[in-house]
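Q: Need coordinates for the below:
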Amino acid sequence: MQDRAFDIVIIGAGHAGVEASLACARMGLNTLLLTLNLDSIGMMPCNPAIGGTGKGHLVREIDALGGEMGLAADDTLIQMRMLNTGKGPAVHSLRAQMDKRRYHERVKSAIERQENLVVLQGEADRIETHNGCVSAVLTDEGFRYPCRAAVLCAGVYMKSRILIGEWSRLSGPNGMLRSERLGDALRELGIPLQRFKTGTPARVKKSTLDLSEMEIQLGDEPTPAFSFLHPDGLRVKQDPCYLTYTNETTHEIIRANLHRSPMYSGKIHATGTRYCPSIEDKVVRFADKDRHQIFIEPEGRSTEEMYVQGFSTSLPADVQIDMLHSLPGLRRCEVMRLGYAIEYDCLDPTALDLRFMVRDVPGLFTAGQVNGSSGYEEAAAQGLFAGINAALYVKGEEPFYLGRSDAYLGVLVDDLSTKGTPEPYRMMTSRCEYRLLLRQDNADLRLTERARRLGLISEQRYAMLLAKKNGIAAALQKLGTHVPPSDVLRVYLESIGEPVPQNGAVLFDLLKRPKVRYADLLRLFDALEPLAPNVEEQVEVLAHYDGYIEKQKTQVERERALENTALPPDLDYTKLDGLRLEARQKLNAHKPASVGQASRISGVSPADVSVLLIYAKRGFSHA
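A: Coordinates of the predicted model:
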């Protein structure tokens, strides 16, 4: 193995590294996956779940692009729920409780069986460059692996430190080794780093809980699926979760011990995540709340460990135990693992271009929490994206880009590389301005054709996509039928409180009405035929939200002109008259690829955008 050359080396085998390495290998590149510990491949060091609001969209997009996360989740879940069903389809999101051990084994098996992929336990120490470009990855054992590109997926391991109250240890998550020198090597390459913090709750023993004191939380039946290869859902035995609440006793324990929390004592200087605060943060920031939800979630079927969701903390051990014992259902619980905070080095993602390649180090791509994001799903999506682009870079082919109107993944990439992030970034539906177009149910229609051109999907998956597309087209054609007035139509519409058209109606126009369902029209009119469930779902959404969808398409077209107005990568913005000083500095630092991207950089005003458009029309001949 020593000094063996590879096309691409992937550093790290968390959720980002898994997707990056599989993508590169499946695209025909000779790939090395280098990980600190083989037992950390696809590991879930925090919550035993995949998906959630916004995050479920990413998992569906990963699956539509030929990634592994959705399939692995479907194979190893122990509960599945569709969130936000009381709202419109734009924000419907799947969330699954996972069997952690089985998920790791399922992903590790996929890695080990993949052609063109070598997996090796070892610590990446340095990234070597030649003429400014990536040329090799070196390990702490002194091995050198020549390569043409590298994808850094180091997660939260760079100079990481675990903290529990006054105690701390130089360690990765779950007691794993940390990466000692890689962060310093990145600084030597001129890559800016920042220090972030995240955390995890305690785990408690199931047999010591009083489940009767908690509210049971069941999964959905029938069971939906992440992967578009499972359009009819899944047949699995589901395990329940449980809901309890904090109380005034819990809050008093926390307030009395805030001075012992590393976050409040000043022992932690890193920036924590806003959208997944510790329980002590919740009590301080939301002092008017008399209780907070706590979900008790199984970590797997072969373990007694239960995850205390919503109870992330870095308070001392004795305080954690007192807090847990104050919760209904946990008054006599045994703690199996303590909660902790972890701080770590990560990149400033504004150093990346829209391929997720470091602008100043050609051939070096990055993905996952090392880019300042949080969450398994965000990491996996970035890993797939960076892996695709690393493979295309090595092949000398055009990059793979996704815009904000193409995918949640496009929003994620643009937010990180264009805006940066002052705290661990989390995907949410509110970040996506075109979320009615980018629903989780149509990710395959948006992305699978692109994945086919990259060689990432099977013929089976492509055939399923074509069947869905053709089914939608045929159904919409039949829904264009005009039906005359009739007693059948009148009785039906009156029964659901809808006005009756005097001259009949086009079936599609009838389906636009909120209370009308395709199944009702199918029962009433011979012109229609039964549809596959995934086709019927699309047809109903297209009808019910027709006006809103068309409005968003118009918005996309309006913005596309800015996105398609390219900016030269070597343009010196200090020479453009009319730009404000701040805009010149920010544009030179970011080197945006288009006027659209430039418009989203903090410090670039609409007036600056107008100046850029004027120069673009002139071909920057006067720059």
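
Q: Just confirm Ala197 contacts Tyr340, I think it does.
A: If you look again at residue 197, you'll see it is Lys, not Ala. No - the criterion here is Cβ atoms under 8 Å, and Lys197 misses it with Tyr340 at 10.7 Å. For every residue, glycine as well, the C-beta is placed using N, CA and C.

Q: Looking at the two, which has the bigger crowd around it?
A: Tyr340 (27 against 24; other Cβ atoms under 10 Å).

Q: Do I have it right that that one meets Ile162?
A: Yes - assessed by Cβ under 8 Å, Tyr340 is found in contact with Ile162 at 5.1 Å.

Q: end-to-end on stretch 565-585?
A: End-to-end span of stretch 565-585 (Cα to Cα, to the nearest Å): 20 Å.

Q: Export stretch 501-509 to CSV, keeping only CA atoms.
A: The C-alpha trace of stretch 501-509 is given here as CSV (Å, rounded to 0.1, in the frame of the first residue of the first chain):
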residue,chain,number,x,y,z
PRO,A,501,-69.8,25.2,-12.8
GLN,A,502,-72.8,25.8,-15.1
ASN,A,503,-71.1,24.9,-18.3
GLY,A,504,-69.1,21.9,-17.1
ALA,A,505,-65.4,22.0,-16.5
VAL,A,506,-61.9,20.7,-17.5
LEU,A,507,-61.0,17.9,-15.1
PHE,A,508,-57.6,19.5,-14.3
ASP,A,509,-59.5,22.7,-13.2
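
Q: Going by neighbour count, which residues of that stretch are buried?
A: If you call a residue buried by 16 or more other Cβ atoms under 10 Å, then stretch 501-509 has these buried ones: Ala505, Leu507, Phe508.

Q: okay if I get those as a markdown table plus secondary structure?
A: Below are those laid out as a markdown table (DSSP: H, G, I helix; E, B strand; the rest coil):
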| residue | secondary structure |
| --- | --- |
| Ala505 | strand |
| Leu507 | helix |
| Phe508 | helix |
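
Q: nearest to Leu324, of those?
A: Phe508 (55.8 Å; Cβ to Cβ).

Q: which helices and strands does the strand or helix carrying Lys468 pack with?
A: Assessed by DSSP states H and E, Lys468 sits inside helix 459-478. Packing partners of helix 459-478 (3 or more Cβ pairs under 8 Å, 6 or more residues apart in numbering; DSSP states H and E): helix 443-454, helix 533-544.

Q: could those go into CSV alongside mean pLDDT, distance to Ile279 and mean neighbour count?
A: Output for the helices and strands packed on helix 459-478, formatted as CSV (pLDDT from 0 to 100; distance: least, Cβ to Cβ, whole Å; neighbours: other Cβ atoms under 10 Å):
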stretch, mean pLDDT, distance to Ile279, mean neighbour count
helix 443-454, 98, 34, 19
helix 533-544, 96, 38, 19
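
Q: Of all these, which one is nearest Ile614?
A: Shortest distance between Ile614 and the helices and strands packed on helix 459-478, using Cβ to Cβ, is found for helix 443-454: 33.6 Å.

Q: Pop out the phi and psi values for Ala527.
A: phi -70, psi -20 (degrees, to the nearest 10).

Q: Pick out the residue nearest the middle of the chain.
A: Glu378 (2.6 Å; Cα atoms, centre = their mean).

Q: Tell me which residues touch that residue, please.
A: Going by Cβ atoms under 8 Å, 6 or more residues apart in numbering, Glu378 touches Lys55, Leu58, Gly368, Gln369, Leu412, Tyr425, Arg426, Met427.

Q: Contacts only, for the third one.
A: Same thing as Gly368. So Gly368 contacts 12, 14-17, 153-155, 378-380, 382-383 (Cβ under 8 Å, 6+ apart).

Q: how many neighbours does the residue lying closest to it once chain neighbours are set aside have?
A: Once flanking residues are discounted, Gly368 sits nearest to Ala16: 3.0 Å by Cβ to Cβ, 6 or more residues apart in numbering. For Ala16, the count of nearby residues is 34 (other Cβ under 10 Å).

Q: returning to what we had before: which of the contacts of Gly368 lies closest to Tyr103?
A: Tyr103 has its nearest neighbour among those in His15, at 10.1 Å by Cβ to Cβ.

Q: Need the per-residue pLDDT for that closest one.
A: What the model reports for His15 is a pLDDT of 98.

Q: can you check His622 too?
A: Note on His622: pLDDT of 53.

Q: chain center to stretch 141-156: distance?
A: Put simply, stretch 141-156 sits 23 Å off its chain's centre (Cα atoms, centre = their mean, to the nearest Å).

Q: What distance do you get for Ser261 to Ser314?
A: 6 Å (Cβ to Cβ, to the nearest Å).

Q: Spit out the residues that contact those two alike.
A: Gly165, Ser278.

Q: Downstream of the helix or strand of the chain with the lowest mean pLDDT, the next helix or strand is which one?
A: Ranked by mean pLDDT, DSSP states H and E, the weakest helix or strand in the chain is strand 271-272, scoring a mean of 74. Proceeding N to C from strand 271-272, the next assigned helix or strand is helix 279-285, under DSSP H and E.

Q: Show me what counts as buried in that next one.
A: Buried-residue list, helix 279-285, by 16+ other Cβ under 10 Å: Ile279, Glu280, Asp281, Lys282, Val283, Val284.

Q: same thing with stretch 140-147?
A: Neighbour-count burial for stretch 140-147, with 16+ other Cβ under 10 Å as criterion, is recorded at Phe143, Arg144, Tyr145, Pro146, Cys147.

Q: Stretch 307-323 now?
A: Across stretch 307-323, burial judged by 16+ other Cβ under 10 Å covers 307-316, 319-323.

Q: ok, back up a step: tell me the strands beside the least confident helix or strand of the chain, with direction?
A: Under the criterion DSSP bridges, strand 271-272 sits next to strand 193-200 (parallel) in its sheet.

Q: if you average pLDDT over the partner strand, what comes out?
A: 94.

Q: After it, heading C-terminal, what element do we hit next?
A: Heading C-terminal from strand 193-200 (DSSP H and E), you reach strand 203-205.

Q: Quick one: list the elements packing against that following strand.
A: strand 305-309, strand 335-337.

Q: just for the stretch 501-623 of the chain, where's the confidence low?
A: Flagging of the stretch 501-623 of the chain using pLDDT under 70 yields the residue ranges 621-623.

Q: Would you state the helices of it in chain order?
A: 507-511, 518-524, 533-544, 546-563, 581-590, 595-599, 606-617 (DSSP state H, counting those that start in this stretch).

Q: Make CSV out of these and add distance to Val118.
A: Below are the helices of the stretch 501-623 of the chain laid out as CSV (distance: least, Cβ to Cβ, whole Å):
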stretch, distance to Val118
helix 507-511, 53
helix 518-524, 50
helix 533-544, 38
helix 546-563, 39
helix 581-590, 36
helix 595-599, 36
helix 606-617, 46
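
Q: Nearest to Gln217, out of those?
A: So among the helices of the stretch 501-623 of the chain, helix 533-544 is nearest, using Cβ to Cβ, at 25.2 Å.

Q: and for stretch 239-259, what are the contacting residues?
A: Under Cβ under 8 Å, 6+ apart, the answer for stretch 239-259 is 78-79, 97, 209, 211, 213-219, 264-265, 279-280, 283-284, 290-298, 301, 315-316, 319, 322-323, 326-330.

Q: The nearest residue to Leu352 once chain neighbours are set aside in helix, strand or coil?
A: In space, and not counting its chain neighbours, Leu352 is closest to Ser417: 4.5 Å by Cβ to Cβ, 6+ apart. Assigned by three-state DSSP, the conformation of Ser417 is helix.

Q: what's the distance between Glu459 and Ile62?
A: 20 Å.

Q: Compare neighbour counts for the two and give me the winner.
A: Of the pair Glu459 and Ile62, Ile62 is the one with more neighbours under other Cβ under 10 Å, namely 28 against 8.

Q: Done for today, thanks.
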